[in-house]
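Undergrad: Sequence unavailable; structure follows:
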(Lines give C-alpha, C1' and ligand atoms only; values in the text may rest on other atoms or scores of the structure.)
Protein backbone atom coordinates (compact mmCIF):
# COMPACT_ATOMS: atom_id res chain seq x y z
CA UNK A 1 0.00 0.00 0.00
CA UNK A 2 1.50 3.30 -0.95
CA UNK A 3 2.21 6.18 1.41
CA UNK A 4 -0.64 8.36 0.12
CA UNK A 5 -3.18 5.59 0.77
CA UNK A 6 -1.84 5.05 4.30
CA UNK A 7 -2.04 8.77 5.00
CA UNK A 8 -5.63 8.89 3.73
CA UNK A 9 -6.58 5.92 5.88
CA UNK A 10 -5.00 7.48 8.98
CA UNK A 11 -6.78 10.78 8.34
CA UNK A 12 -10.10 8.99 7.91
CA UNK A 13 -9.52 6.97 11.08
CA UNK A 14 -8.82 10.15 13.03
CA UNK A 15 -12.08 11.66 11.78
CA UNK A 16 -14.04 8.49 12.63
CA UNK A 17 -12.56 8.32 16.12
CA UNK A 18 -13.27 11.99 16.72
CA UNK A 19 -16.87 11.44 15.65
CA UNK A 20 -17.10 8.37 17.86
CA UNK A 21 -15.80 10.27 20.87
CA UNK A 22 -18.21 13.14 20.25
CA UNK A 23 -21.16 10.77 19.87
CA UNK A 24 -21.28 10.17 23.61
CA UNK A 25 -22.76 7.08 25.20
CA UNK A 26 -24.15 4.32 23.04
CA UNK A 27 -27.49 4.42 24.87
CA UNK A 28 -28.59 7.37 22.71
CA UNK A 29 -31.08 7.46 19.92
CA UNK A 30 -31.19 4.55 17.45
CA UNK A 31 -29.81 6.68 14.59
CA UNK A 32 -26.79 7.65 16.70
CA UNK A 33 -26.16 4.02 17.63
CA UNK A 34 -26.42 2.96 13.99
CA UNK A 35 -24.05 5.75 12.94
CA UNK A 36 -21.58 4.73 15.63
CA UNK A 37 -21.80 1.07 14.60
CA UNK A 38 -21.23 2.04 10.95
CA UNK A 39 -18.21 4.16 11.91
CA UNK A 40 -16.73 1.31 13.93
CA UNK A 41 -17.27 -1.15 11.06
CA UNK A 42 -15.66 1.26 8.61
CA UNK A 43 -12.75 1.72 10.96
CA UNK A 44 -12.43 -2.04 11.30
CA UNK A 45 -12.39 -2.51 7.52
CA UNK A 46 -9.76 0.15 6.99
CA UNK A 47 -7.54 -1.09 9.78
CA UNK A 48 -7.96 -4.67 8.59
CA UNK A 49 -6.92 -3.66 5.06
CA UNK A 50 -3.76 -2.10 6.42
CA UNK A 51 -2.93 -4.80 8.99
CA UNK A 52 -3.42 -7.70 6.59
CA UNK A 53 -1.96 -5.84 3.60
CA UNK A 54 -4.94 -6.86 1.51
CA UNK A 55 -4.75 -6.74 -2.27
CA UNK A 56 -7.42 -4.91 -4.24
CA UNK A 57 -8.90 -8.25 -5.29
CA UNK A 58 -9.11 -9.43 -1.67
CA UNK A 59 -10.60 -6.12 -0.59
CA UNK A 60 -13.22 -6.34 -3.34
CA UNK A 61 -14.32 -9.75 -2.02
CA UNK A 62 -14.08 -9.12 1.72
CA UNK A 63 -15.62 -5.66 2.09
CA UNK A 64 -19.05 -6.52 0.64
CA UNK A 65 -19.19 -9.74 2.64
CA UNK A 66 -18.26 -8.06 5.92
CA UNK A 67 -20.58 -5.12 5.31
CA UNK A 68 -23.52 -7.44 4.57
CA UNK A 69 -22.82 -9.66 7.59
CA UNK A 70 -22.47 -6.67 9.93
CA UNK A 71 -25.76 -5.15 8.71
CA UNK A 72 -27.55 -8.45 9.22
CA UNK A 73 -26.00 -8.83 12.67
CA UNK A 74 -27.05 -5.28 13.58
CA UNK A 75 -30.65 -6.10 12.70
CA UNK A 76 -30.48 -9.26 14.79
CA UNK A 77 -28.91 -7.38 17.71
CA UNK A 78 -31.71 -4.81 17.57
CA UNK A 79 -34.30 -7.59 17.72
CA UNK A 80 -32.44 -9.27 20.55
CA UNK A 81 -32.25 -5.95 22.42
CA UNK A 82 -36.03 -5.62 22.19
CA UNK A 83 -36.45 -9.21 23.41
CA UNK A 84 -34.12 -8.53 26.33
CA UNK A 85 -36.14 -5.44 27.29
CA UNK A 86 -39.31 -7.56 27.08
CA UNK A 87 -37.66 -10.26 29.19
CA UNK A 88 -36.73 -7.73 31.87
CA UNK A 89 -40.27 -6.42 31.90
CA UNK A 90 -41.71 -9.94 32.06
CA UNK A 91 -39.44 -10.83 34.99
CA UNK A 92 -40.46 -7.67 36.86
CA UNK A 93 -44.19 -8.33 36.52
CA UNK A 94 -46.04 -10.03 39.31
CA UNK A 95 -46.87 -12.79 38.86
CA UNK A 96 -44.18 -13.84 36.42
CA UNK A 97 -45.59 -15.78 33.47
CA UNK A 98 -43.17 -18.62 32.95
CA UNK A 99 -44.45 -19.41 29.46
CA UNK A 100 -43.73 -15.85 28.35
CA UNK A 101 -40.26 -15.93 29.92
CA UNK A 102 -39.49 -19.27 28.31
CA UNK A 103 -40.55 -18.02 24.87
CA UNK A 104 -38.37 -14.91 25.20
CA UNK A 105 -35.39 -16.94 26.41
CA UNK A 106 -35.80 -19.20 23.39
CA UNK A 107 -35.92 -16.27 20.97
CA UNK A 108 -32.86 -14.64 22.57
CA UNK A 109 -30.88 -17.88 22.39
CA UNK A 110 -31.91 -18.42 18.77
CA UNK A 111 -30.86 -14.88 17.87
CA UNK A 112 -27.50 -15.33 19.61
CA UNK A 113 -26.98 -18.52 17.62
CA UNK A 114 -27.86 -16.71 14.39
CA UNK A 115 -25.30 -14.01 15.20
CA UNK A 116 -22.66 -16.69 15.77
CA UNK A 117 -23.56 -18.23 12.42
CA UNK A 118 -23.05 -14.89 10.70
CA UNK A 119 -19.60 -14.61 12.27
CA UNK A 120 -18.79 -18.12 11.05
CA UNK A 121 -20.05 -17.19 7.59
CA UNK A 122 -17.61 -14.30 7.42
CA UNK A 123 -14.80 -16.50 8.78
CA UNK A 124 -15.46 -18.88 5.87
CA UNK A 125 -15.12 -15.99 3.41
CA UNK A 126 -11.84 -15.05 5.08
CA UNK A 127 -10.58 -18.64 4.85
CA UNK A 128 -11.31 -18.67 1.12
CA UNK A 129 -9.58 -15.36 0.42
CA UNK A 130 -6.64 -14.98 2.80
CA UNK A 131 -3.19 -16.49 2.71
CA UNK A 132 -2.02 -18.45 5.77
CA UNK A 133 0.08 -15.47 6.91
CA UNK A 134 -2.90 -13.14 6.55
CA UNK A 135 -5.06 -15.55 8.55
CA UNK A 136 -2.54 -15.35 11.38
CA UNK A 137 -2.39 -11.57 11.10
CA UNK A 138 -6.20 -11.45 11.19
CA UNK A 139 -6.33 -13.24 14.55
CA UNK A 140 -3.81 -10.78 15.99
CA UNK A 141 -5.69 -7.89 14.37
CA UNK A 142 -8.96 -8.92 16.05
CA UNK A 143 -7.39 -8.88 19.51
CA UNK A 144 -5.56 -5.60 18.93
CA UNK A 145 -8.57 -3.91 17.34
CA UNK A 146 -10.93 -4.91 20.15
CA UNK A 147 -8.45 -3.77 22.79
CA UNK A 148 -7.78 -0.46 21.02
CA UNK A 149 -11.47 0.19 20.45
CA UNK A 150 -12.25 -0.51 24.10
CA UNK A 151 -9.50 1.87 25.19
CA UNK A 152 -10.75 4.65 22.87
CA UNK A 153 -14.35 4.22 24.03
CA UNK A 154 -13.27 4.34 27.68
CA UNK A 155 -11.29 7.52 26.99
CA UNK A 156 -14.32 9.06 25.29
CA UNK A 157 -16.57 8.11 28.22
CA UNK A 158 -14.13 9.54 30.75
CA UNK A 159 -13.81 12.76 28.76
CA UNK A 160 -17.60 13.01 28.56
CA UNK A 161 -17.97 12.36 32.31
CA UNK A 162 -15.42 15.08 32.99
CA UNK A 163 -17.51 17.53 30.93
CA UNK A 164 -20.74 16.43 32.65
CA UNK A 165 -19.30 17.06 36.13
CA UNK A 166 -18.48 20.70 35.44
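TA: Perfect, thanks for sending it. Bear in mind the structure is a predicted one, so any value in this text is a computation, not a measurement.
Undergrad: Just want the phi and psi numbers for residue 96.
TA: phi -70, psi 130 (degrees, to the nearest 10).
Undergrad: wait, isn't it in contact with residue 87?
TA: No: the pair formed by residue 96 and residue 87 falls short of the contact definition of CB atoms under 8 Å, at 10.6 Å. Using the backbone N, CA and C atoms, a C-beta is placed for each residue, glycine as well.
Undergrad: Low-confidence bits of this structure, can you list those?
TA: Per-residue confidence of the chain (counting by pLDDT under 70) places the weak regions at 1-28, 164-166.
Undergrad: ok, which stretches of the chain are helices?
TA: Along the chain, counting by DSSP state H, helices occupy 3-23, 30-52, 56-92, 98-129, 132-165.
Undergrad: got a list of what residue 66 touches?
TA: Residues in contact with residue 66 (CB atoms under 8 Å, 6 or more residues apart in numbering) are 41, 44-45, 122, 125.
Undergrad: scratch that, residue 113 is what I was asking about
TA: The neighbours of residue 113, taking CB under 8 Å, 6+ apart as the test, come to nothing; the list is empty.
Undergrad: which of the residues in stretch 98-114 are buried?
TA: Residues of stretch 98-114 classed as buried under the neighbour-count rule (16 or more other CB atoms under 10 Å) are 104, 107-108, 111.
Undergrad: Save the residues you listed as CSV, and put in distance to residue 74 too.
TA: Listed next are these as CSV, based on distance: CB to CB, whole Å:
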residue, distance to residue 74
104, 20
107, 17
108, 16
111, 12
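Undergrad: How many residues are close by residue 72?
TA: Other residues within reach of residue 72, judged by other CB atoms under 10 Å, total 15.
Undergrad: Roughly how far does the spatially closest residue to it that is not a sequence neighbour sit from residue 77?
TA: Spatially, and ignoring its direct neighbours in sequence, residue 72 is nearest to residue 118 (5.7 Å; CB to CB, 6 or more residues apart in numbering). Residue 118 sits 10 Å away from residue 77, taking CB to CB, to the nearest Å as the criterion.
Undergrad: Residue 70 now?
TA: The separation that residue 70 has from residue 77, given CB to CB, amounts to 10 Å.
Undergrad: In terms of packing, which of those two has more residues around it?
TA: Summary of the neighbour comparison: residue 70 and residue 77, criterion other CB under 10 Å, with residue 70 having more neighbours (19 against 15).
Undergrad: hang on, that one packs against residue 39?
TA: No: Residue 70 is beyond contact range of residue 39, at 11.8 Å (criterion: CB under 8 Å).
Undergrad: In contact with the residue nearest to residue 72, which residues?
TA: For residue 118, the residues meeting the contact criterion (CB under 8 Å, 6+ apart) are 69, 72-73, 76.
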